[in-house]
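Undergrad: This is a predicted model, with the sequence first.
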Amino acid sequence: MRMIVLTVTGLLLLAIAGFLAFGPGIAEGRMNRVAGPGRWPVSEEARRLHARLTIVDLHADTLLWQRNLLSLSRRGHVDLPRLQAGGVALQVFSSVTKTPKGQNYDSNTADSDNITLLAIAQLQPPRTWNSLLERSLWHAEKLESAVLQSEGLLWPVRSASDLDGLVDARSNGRLVTGALLSTEGAHNLEGRLANVARLHAAGFRMMGLVHFFDNDVAGSMHGVAKGGLTPFGTKVVAAMEEQGIIVDLAHASRKTFFDVLRIARRPVLVSHGGIKATCDTPRNLDTEQLLALKANGGMIGIGYWDAAVCAPTPQATAKAIAAAIAIMGPDHVGLGSDFDGAVTTGFDTAHLDALTQALLDAGLSESVIEQVMGGNALRLIRQGLIPLAKTPQAPALPEPEPAR
């Protein structure tokens, strides 16, 4: 009997060890895929243009996964060698802290979470197992560690001067890639306004208000109620602007979208998504939203996956970009890959020149391509990194005189 118990225990321990060693990698391999060969014909003209671009990708979820950001990986979409190969000047890295079971684009509750098991399986610090805030702080630590080990090749962007330095370094031929921290939803604030400052101190300079479910800040386009900005959310947006954190309306419900635009004091963005004009899915923005975003001075980052552009090809993304420009003009459109966000794309970041080729084929001029591939994002990010003065409080009304 004792031998049986020991054998069963040993097999159980081996199973657990195997799960911890291989489970996260197998899961990611199934979620973050490249359709087909991932390589597309690129002309010499497109290669020359691509080499001159200052490219900015507004959203990737790479920090969620147990991979070395500095090493070339056979899975997923983004790491430093592939960012260098693709000519990316600035990558926005998002912190994903909670996703619902059975996640879909139509309706999700906040009652379940897939990330807890992933955090345990990846042997993250125990403090991240039951705290959404600590998960984001852990992602910030991962990025900081990569920066320190990169020998100057990975450049943290936390201020306008950091961004200017990055652009100057690349214009002088230095092979450096910028990294800016974002959040995939503000549920990681855990209901405390003071945590905006804590995330800012950790390096976060962009924050999405919602992800796949409604939270105490705002309603999600994929939530149940799909409500708007809450009173707490109004304070969060003001605090973000005051500290130099850019507001990201990706995944926001329609009501949240317009609530934020009514109170925003500077341009906001939708970091990753698509437009209904070319791909009519629940994930995408309609023309009224795009025009409101233009009026705000903001922008949308067009994605590379099927729910955003209806086909994981560079041609589908280029078609969506061209259609967005036709609605909003060339100053308000950029790139928002959603790489490593449990999506299938037609290429990884190393082969981003395929998109430059597709934009040329779609008839866009080189100057417009320069704007879309990074110029617009650089302008908005630089402005958004500068803290705003606190919103002035309305003067107190005089107390009414007592009735005589």
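TA: Cool, got the structure. Numbers count the residues shown, from 1 in each chain.

Undergrad: could you give the mean pLDDT of stretch 266-284?
TA: Averaged across stretch 266-284, pLDDT comes to 97.

Undergrad: and the residue nearest to Ala85 when sequence neighbours are not counted, how many residues sit next to it?
TA: Sequence neighbours aside, Ala350 is the residue nearest to Ala85 in space, at 4.0 Å (criterion: CB to CB, 6 or more residues apart in numbering). C-beta coordinates here come from the backbone N, C-alpha and C atoms, glycine included. Ala350 has 20 neighbouring residues, counting by other CB atoms under 10 Å.

Undergrad: in the stretch 51-200 of the chain, which spans are helices?
TA: 80-86, 115-121, 132-149, 160-171, 194-202 (DSSP state H, counting those that start in this stretch).

Undergrad: nope, the stretch 251-400 of the chain is what I meant
TA: 254-263, 287-296, 306-309, 314-328, 353-361, 366-370, 376-384.

Undergrad: mind checking how far the first one is from the chain centre?
TA: Taking the mean of its C-alpha atoms, helix 254-263 sits 19 Å from the chain's own mean (CA atoms, centre = their mean, to the nearest Å).

Undergrad: Stretch 343-355 now?
TA: 16 Å.

Undergrad: What's the mean pLDDT across it?
TA: Averaged across stretch 343-355, pLDDT comes to 98.

Undergrad: For it, buried residues please.
TA: Across stretch 343-355, burial judged by 16 or more other CB atoms under 10 Å covers Val343, Thr345, Gly346, Phe347, Asp348, Thr349, Ala350, His351, Leu352, Asp353, Ala354, Leu355.

Undergrad: biggest separation within these, which pair?
TA: Greatest spatial distance among those (CB to CB): Val343 and Asp353, at 20.1 Å.

Undergrad: Quick one: neighbours of the residue nearest to Gly244 when sequence neighbours are not counted, just the number.
TA: Computed as CB to CB, 6+ apart, the closest residue to Gly244 that is not its neighbour in sequence is Pro387, at 4.1 Å. By the criterion of other CB under 10 Å, Pro387 has 14 neighbours.

Undergrad: contacting residues around Pro387?
TA: Residues in contact with Pro387 (CB atoms under 8 Å, 6 or more residues apart in numbering) are Glu241, Glu242, Gln243, Gly244.

Undergrad: could you redo the last one with a cut-off of 7 Å?
TA: Counting by CB atoms under 7 Å, 6 or more residues apart in numbering, Pro387 touches Glu242, Gln243, Gly244.

Undergrad: Just the pLDDT for the last one.
TA: Here the pLDDT value assigned to Gly244 is 98.

Undergrad: any idea how far Ser131 is from it?
TA: As judged by CB to CB, to the nearest Å, Gly244 and Ser131 stand 25 Å apart.

Undergrad: Could you list the low-pLDDT ranges of this protein?
TA: 1-25, 391-404 (pLDDT under 70).

Undergrad: in it, which spans are strands?
TA: 33-34, 55-60, 88-95, 154-156, 177-183, 206-208, 246-248, 269-273, 299-302, 333-335, 344-345 (DSSP state E).

Undergrad: so can I have TSV of those strands showing distance to Ala197?
TA: Formatted as TSV, the strands of the chain follow (distance: least, CB to CB, whole Å):
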stretch	distance to Ala197
strand 33-34	38
strand 55-60	23
strand 88-95	16
strand 154-156	18
strand 177-183	14
strand 206-208	12
strand 246-248	16
strand 269-273	22
strand 299-302	26
strand 333-335	28
strand 344-345	35
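
Undergrad: before we move on, back to that, of all the helices of the stretch 251-400 of the chain, which one is nearest Arg74?
TA: Shortest distance between Arg74 and those, using CB to CB, is found for helix 353-361: 19.4 Å.

Undergrad: Let's see the closest one as CSV, backbone CA atoms only.
TA: Extracted C-alpha coordinates of helix 353-361, given in CSV (Å, rounded to 0.1, in the frame of the first residue of the first chain):
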residue,chain,number,x,y,z
ASP,A,353,7.6,45.7,-43.6
ALA,A,354,4.8,43.7,-45.1
LEU,A,355,2.4,46.4,-43.8
THR,A,356,4.4,49.1,-45.3
GLN,A,357,4.2,47.3,-48.6
ALA,A,358,0.4,46.9,-48.2
LEU,A,359,0.0,50.6,-47.4
LEU,A,360,1.9,51.5,-50.6
ASP,A,361,-0.2,49.1,-52.6
